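Colleague: Requesting a structural model of the entry that follows:
(one chain, ligands or ions: 1)
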Amino acid sequence: MGSFWENEIKRELEALKEKALLRSLPPIEDRRGPWVKIEGKWRLNLASNDYLGLGATLTWEEAQEVLASWGAGAGASRLLSGNHLYYQFLEQALEESYGRPALVFSSGYLANLGVICGLAGRRDLILADKLVHASLIDALRLSGARFYRYPHRDLKALEDLLRQHRGRFRRALIVTESVFSMDGDFPDLKALVELARRFEALLVLDEAHAIGVFGRRGLGLAEELGVLSEVDVLVGTFGKALGSYGAFVVLPEAMKNLLLSKARSFIFTTALPPVVVAFSLKAFKRLPALEEARQRVRGLASSLRQALGLSAPGLEAQVPIVPVILGASERALAVSRDLFSAGFWAPAIRPPTVPEGTARLRLSLTALMEESQLEPLVQRLRELRCA
Ligand SMILES: Cc1ncc(COP(=O)(O)O)c(C=O)c1O
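Modeller: Numbers count the residues shown, from 1 in each chain. The predicted structure is shown next:
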C-alpha cells in the first residue's frame, strides 16, 4: 500500500476508534449449546439468533450423505447449473406451509435487495419504517425509487405519507420488519395490512426474527396474528431460528417469475451448497413440532425482561431479543467488556447498526438456556446500574 493510502486508511480507522465505533472480529474457538468459547473460556452466548437451538442439530451422517453425492459447493448460480434438487424440495415445503409460491435466495441480505429492486424502480414510491434492517435500507437506495422513512411504528405518519404521495407514483411499497432486529418490538400488523389495501400498496414484511418464534406452526408473526394470507410479500431467513443459512421470499406466482428474471441479487450469485439447503429443509420441516421450544424461549424472554425492569406490552414481552439501551458507544463497550469478564458474550451494538445515542446490549436468547444461567447476568447488570 502506498503512503497516500496508508495515511488515508489510518486516519479513517483512528476516527472510528475515537468515536468508539471500531469493530473487530471475535475469535469463536468452539460452540456448544448456548455457550461459545472465546479466549479459552466458555461464555454464555447472548449474541446468536439461533432462538430454538436448531443450529447444532445436523448430524454428520446426514451431512455426509449429501456431501458424498453433491460435493461442497453448488458450482454455479441457480439459473445456470446450481439449481439442485434440494431447492425444489425446500421451495415445495415452503409453498405447502405458506400456501403461496416461494423463492429461495442465498441470504436475507440478498433477498431484501432482490425483492425491493426487483419490484420497485424510478417511477415508484417506497415507505419504510425508520428502523428497518441495513439490508432493506441499502435496497431502498439501490432501487432508484423515491423513498421516505416514517418514524418507528408510527402508522399515522405512514398514512399521511401515503395520502400525500401515493397518487404521484406508479407502484407503492410499504416495507417493515415484523419483529425488529435490534429492538424486539413490532408494528400493528393488522393496521398495516389495512393501510396497504386502502392505498393499493404492496406490503413487504421481513419476518427474519419472527420465524420459528411466533405462529402456530412457527411461520412468523403474521401467522400468529392471523394475517398471513394478507401479507403480499414475506421475507424469511434460514440463518436465525432455523439454524442454517439462506433466505426465502413468499409471494404471488407472477412476482416470483419476475424476480427470477430480474432480481440481480438472485441472478448474479452462486447458489447455496446442497448440504446447506438440505439442512434448511430439515429444520423447516421440524418447525411445527417445536412448540415447546417456542414457548420456552418466549418464557425466558418474558422473565428476563421482568427481572431487568423492562416493560413490553402483550406478545412483545416474549420476543427473545431483549435490548438494554445504554446510550453512548463507550458505555456499551465498557458494560460489554465487564460482562465478558463475568462469563457472558454480549457484544456492544453501536451506530450505524442502531441510531446515534442508542448504543446497547442486544441480549438474544435461545431455548437451550436455563433461567438459572441468566440470574448472574441480571445481577451483574443491576450492579452496573443497567437494570
Ligand atoms: C431483519 C433482518 N433482515 C435481513 C437480515 C439479513 O439476513 P442474512 O443474515 O441471511 O443475510 C437480517 C440479519 O442479518 C435481519 O436482521
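Colleague: by contact count, what packs against the helix or strand that contains residue 115?
Modeller: Assigned by DSSP states H and E, residue 115 belongs to helix 108-119. Counting contacts by 3 or more Cβ pairs under 8 Å, 6 or more residues apart in numbering; DSSP states H and E, helix 108-119 packs against helix 134-143, strand 172-177, strand 202-206, strand 233-237, strand 247-250, helix 253-262, helix 264-267. Where C-beta positions appear, they are placed from N, C-alpha and C, glycine not excepted.
Colleague: Could you dump these into TSV and include distance to residue 127, mean pLDDT and mean neighbour count?
Modeller: Shown next, in TSV, are the helices and strands packed on helix 108-119 (distance: least, Cβ to Cβ, whole Å; pLDDT from 0 to 100; neighbours: other Cβ atoms under 10 Å):
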stretch	distance to residue 127	mean pLDDT	mean neighbour count
helix 134-143	10	98	19
strand 172-177	5	98	25
strand 202-206	10	98	25
strand 233-237	14	98	27
strand 247-250	19	98	27
helix 253-262	19	98	15
helix 264-267	22	98	19
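Colleague: I'd like those laid out as a markdown table, including distance to residue 38.
Modeller: Formatted as a markdown table, those follow (distance: least, Cβ to Cβ, whole Å):
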| stretch | distance to residue 38 |
| --- | --- |
| helix 134-143 | 25 |
| strand 172-177 | 29 |
| strand 202-206 | 30 |
| strand 233-237 | 25 |
| strand 247-250 | 28 |
| helix 253-262 | 39 |
| helix 264-267 | 32 |
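Colleague: Could you export the very next helix or strand once past the helix holding residue 115 as PDB, keeping only the C-alpha atoms?
Modeller: Once the chain leaves helix 108-119, the next helix or strand it forms, by DSSP H and E, is strand 125-129. The C-alpha trace of strand 125-129 is given here as PDB (Å, rounded to 0.1, in the frame of the first residue of the first chain):
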ATOM      1  CA  LEU A 125     -42.600   5.000  -4.000                       C
ATOM      2  CA  ILE A 126     -41.300   3.100  -1.000                       C
ATOM      3  CA  LEU A 127     -42.300   3.900   2.500                       C
ATOM      4  CA  ALA A 128     -40.200   2.100   5.100                       C
ATOM      5  CA  ASP A 129     -40.100   2.100   8.900                       C
END
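Colleague: pLDDT at the closest residue to the ligand within the stretch 201-350 of the chain, what is it?
Modeller: Nearest residue of the stretch 201-350 of the chain to the ligand: residue 208, at 3.6 Å (Cβ to the nearest ligand atom). Residue 208 carries a pLDDT score of 98 in this model.
Colleague: count of residues packed around the closest residue to the ligand within the stretch 101-250 of the chain?
Modeller: As assessed by Cβ to the nearest ligand atom, the ligand sits closest to residue 108 within the stretch 101-250 of the chain, at 2.1 Å. Per other Cβ atoms under 10 Å, the neighbour tally for residue 108 reads 24.
Colleague: Please tell me how far it sits from residue 197.
Modeller: 26 Å (Cβ to Cβ, to the nearest Å).
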